[in-house]
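# here is a sequence together with a model predicted from it:
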Amino acid sequence: MLEFISKDSVVPRRIYIVDAHHHLGADRDGQSNRNPAAPGGTFDFCIRLGSYLLKTLSDEKVDLRFQPHGFLKELLESEEKWRETLNGTWVVDQIVVFPFNDEFKWREGDEGKATYWRSNDNIYRWASRAPYSLKLIGYSRMVPHEGELAIKELHRAVKQLGLRGVKLHPRSDGWGNEIDSEPVENFLTEAAKLGVPIIFDTRGFSQVVDITSVTTKARARLARIDKRLTRQLKVIVAHIGFHLSYDELYTVLSHPNIYGEVSGIHDAGIQKLFEEASLRLKETLGSYHSWSEKIIFGTDFPYFDVHHAAQFISYVLSEDFPGTIEDAQRILGVNILRLIPPMLEIPPQRVESVHFDGSLIPVAKRILASKIAKLFSEGKLNISSFEVFLSLPPKASVKDDCLLLVKGKEGNGEHTLLMLLTVMGLGTVARFNAEPSGSKALISRELGYDDSLLRQQFYNALWPDNVEKDQSEIEKKLCALLKPLLGSESVSEEKLKTS
Ligand SMILES: [Zn+2]
């Protein structure tokens, strides 16, 4: 998180940054980023970006700091290895990673499997284990023209591997002239049913036109199945900066299901994009509130490096940017997170929670973090994903509320969601037994307490009948909360102790 500390204000201004386009693996064209923690890899990129921005964004009036999000800070303080691995990377909070055209994507003997299945497994291995999972959000890669095979792989990627979106690369995978086609329409329809976003590489504006056309067809098909499904169709056009000379770009971006990602844009292009988008998207937004909801920050590392990313971030946070700080926060992080729903849909029922006085929030967090870190170091649990909740504009600020998907390594090994939140001055730690359900309260990461019926239902299920004021009570209850994660084995250990 970027924190701007103005010399005459005590409250820092915080910006949560998410990179929506980043590669992990090894391309046949020679580019590679095999290990995000290796020299020259993802984390190194973050560190270099940070030192660049320190030079350009801080001055005698404003200090710049990079901090992990609220609860992450506690977690990292409790687990030295995690802290070391991610040290210095916090200029970018989260990074969407997906395969290259990997040299290892497929081997002889893989007949009957989707082309990118090995690459998808590779992304899963990185993005689902701590500490990498605290920063990386994994997408899969597919070739829609593989038909049934691609659809099967899509289901495997989302449901088994927990990958949260899909990268499609028409040119590199040899279907650049077959974008507006039935297999792609089928694929988009299926992805929408699963609620995952699709990012398309684009070369040449005719590809953008074809993407728009096939998106419109998929939308019409979804509307015939169930009108509500149309909202789950989320298509991201990568590299919109390559298409700035086409007026139609802004018509494309006003399509209700299409968003534009900016990697590759640089120098005067950045200003041109924003001057035009802020004027021309305003008139055609439909159900969107602001033009800035349609533009998404991405780096395309390692194809583009620190210089482009730094130019873009600096511009969006400068006085030349024709928007507000809320617009900037949407573009730099909120928009992409709202397209990627938290890992699982959660029913507000079947919840166990601990509530405590607001003054005890820091203590409770420390206790929880040290327990999680200890269980991790003993090999008993893993954190497979980390989600934040960002308030809706116009308040668009970073809150400490978050959701952790935790998996016990022993015992029943099931996924469990732990939520930390503050409502009406009360601290809450809640455990949900993760079950897919129709509850939409968390999907758009809007957890502000308001009169929305869905959120009311959510909070009603969490409403405390008891507020703990005593530290040792909180500790006891947090232990009880974590226990089901550890399965039957730890229960019998406990029995041994008491007998
Ligand atoms: Zn790329």
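Everything's here; your move.
# what number of residues lie near L194?
If you count neighbours by other C-beta atoms under 10 Å, L194 ends up with 14. All C-beta spots, glycine's among them, are computed from the backbone N, C-alpha and C.
# also R141?
For R141, the neighbour count with other C-beta under 10 Å is 29.
# is E352 in a helix, a strand, or coil?
Secondary structure, DSSP: H, G, I helix; E, B strand; the rest coil: E352 is strand.
# OK, contacts around the nearest residue to it once chain neighbours are set aside?
Beyond its immediate neighbours in the sequence, the residue positioned closest to E352 (C-beta to C-beta, 6 or more residues apart in numbering) is R431, lying 5.0 Å away. Contact criterion C-beta atoms under 8 Å, 6 or more residues apart in numbering gives 351-353, 416-419, 481-482, 484 as the residues in contact with R431.
# any idea how far N382 is from R431?
The spacing between R431 and N382, counted by C-beta to C-beta, to the nearest Å, is 16 Å.
# so which elements touch the longest helix along the chain?
For the chain, the longest helix by residue count, based on DSSP state H, is helix 205-225. On a contact count with 3 or more C-beta pairs under 8 Å, 6 or more residues apart in numbering; DSSP states H and E, helix 205-225 meets helix 182-194, strand 235-237, helix 248-253, strand 258-261.
# just to revisit the earlier point, direction included, what does the helix or strand hosting the residue nearest to E352 pair up with?
Remark: R431 resides in strand 426-433, with elements defined by DSSP states H and E. On the basis of DSSP bridges, the sheet neighbours of strand 426-433 come out as strand 351-356 (antiparallel), strand 415-423 (antiparallel).
# just to revisit the earlier point, any idea how far the residue nearest to E352 is from S370?
Using C-beta to C-beta, we find R431 at a distance of 17 Å from S370.
# OK, contacts around the residue lying closest to T212 once chain neighbours are set aside?
With C-beta to C-beta, 6+ apart as the criterion, T212 has its nearest non-adjacent residue at 5.0 Å, and that residue is V252. Contacts for V252 were tallied using C-beta under 8 Å, 6+ apart; they are 208-209, 212, 237, 258, 260.
# quick check: ChimeraX command selecting the buried ones in those residues.
In ChimeraX, the members of the contacts of V252 classed as buried (16 or more other C-beta atoms under 10 Å) are selected with the following command:
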select :208,209,212,237,258,260
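# OK, contacts around the residue lying closest to P144 once chain neighbours are set aside?
Leaving aside its sequence neighbours, P144 sits nearest to F187 (C-beta to C-beta, 6+ apart; 3.7 Å). Contacts of F187 were listed using C-beta under 8 Å, 6+ apart, and they are 142, 144, 150-151, 154, 168, 198.
# so how far is the strand holding R431 off the chain centroid?
From the chain centre to the centre of strand 426-433 is a distance of 21 Å (C-alpha atoms, centre = their mean, to the nearest Å).
# next SSE downstream of that strand?
Sequence-wise, the next helix or strand downstream of strand 426-433 (DSSP H and E) is helix 453-462.
# and that following helix, what does it pack onto?
strand 351-356.
# identify each buried residue in the strand it packs on, please.
By neighbour count, with 16+ other C-beta under 10 Å as the criterion, the buried positions of strand 351-356 are 351, 353-356.
# same check on stretch 379-386?
In stretch 379-386, counting by 16+ other C-beta under 10 Å, buried: 380-386.
# swap in stretch 138-150?
Across stretch 138-150, burial judged by 16+ other C-beta under 10 Å covers 138-146, 149-150.
# now do stretch 175-188
Within stretch 175-188, the residues that count as buried by 16+ other C-beta under 10 Å are 175-176, 179-181, 183-188.
# so who does L462 touch?
Residues in contact with L462, defined by C-beta under 8 Å, 6+ apart, are 348, 351, 353, 423, 428, 430.
# if we go to 10 Å?
Contacts were defined as C-beta atoms under 10 Å, 6 or more residues apart in numbering; by that measure L462 touches 348, 351, 353, 355, 419, 421, 423, 426, 428, 430, 432.
# L53 too?
Applying C-beta under 10 Å, 6+ apart, we find L53 in contact with 2, 17, 64, 66, 91, 306, 309-310, 313-314, 317.
# neighbour count for those - can I get that in JSON lines?
Supplementary listing: the contacts of L53 in JSON lines, determined by neighbours: other C-beta atoms under 10 Å:
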{"residue": "L2", "neighbour count": "24"}
{"residue": "I17", "neighbour count": "23"}
{"residue": "L64", "neighbour count": "18"}
{"residue": "F66", "neighbour count": "21"}
{"residue": "V91", "neighbour count": "26"}
{"residue": "V306", "neighbour count": "19"}
{"residue": "A309", "neighbour count": "28"}
{"residue": "A310", "neighbour count": "21"}
{"residue": "I313", "neighbour count": "25"}
{"residue": "S314", "neighbour count": "16"}
{"residue": "L317", "neighbour count": "20"}
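# sort out for me which of those residues are in strands.
Assignment to strands by DSSP state E places the following of these there: 2, 64, 66.
# hang on, the last one packs against G88?
It stands for F66. Yes. Under the criterion of C-beta atoms under 10 Å, F66 is in contact with G88, at a separation of 7.4 Å.
# how many residues are close by the closest residue in space to G195 that isn't next to it in sequence?
The spatially closest residue to G195, leaving aside those adjacent along the chain, is Q232, at 4.8 Å (C-beta to C-beta, 6+ apart). The number of residues packed around Q232, counting by other C-beta under 10 Å, is 19.
# ok, the residue most central in space within the chain - contacts?
Central residue of the chain (C-alpha atoms, centre = their mean): L337, 4.8 Å from the mean position. The contact partners of L337, by C-beta under 10 Å, 6+ apart, come to 16, 18, 20, 93-94, 96, 137, 296, 330, 387-390, 444-445.
# mind running it again at 8 Å?
Contacts of L337 were listed using C-beta under 8 Å, 6+ apart, and they are 18, 94, 388, 390, 445.
# next: C479.
Counting by C-beta under 8 Å, 6+ apart, C479 touches K371.
# okay, and it sits in which element?
In this structure, C479 sits in helix 471-482 according to DSSP H and E.
# now do the buried residues in that helix.
In terms of neighbour count (16+ other C-beta under 10 Å), helix 471-482 has its buried residues at 474-475, 477-478, 481-482.
# with stretch 358-369 instead?
For stretch 358-369, using 16+ other C-beta under 10 Å, the buried residues are 360-361, 364-365, 367-369.
# please apply the same query to stretch 237-252.
For stretch 237-252, the neighbour count (16+ other C-beta under 10 Å) marks 237-244, 249-250, 252 as buried.
# please apply the same query to stretch 25-40.
Judged by neighbour count using 16+ other C-beta under 10 Å, the buried positions of stretch 25-40 are 25-27, 32-33, 36.
# now the stretch 351-499 of the chain, which segments are flagged as low pLDDT?
When residues are selected by pLDDT under 70, those of the stretch 351-499 of the chain lie in 391-398, 410-414, 433-455, 487-499.
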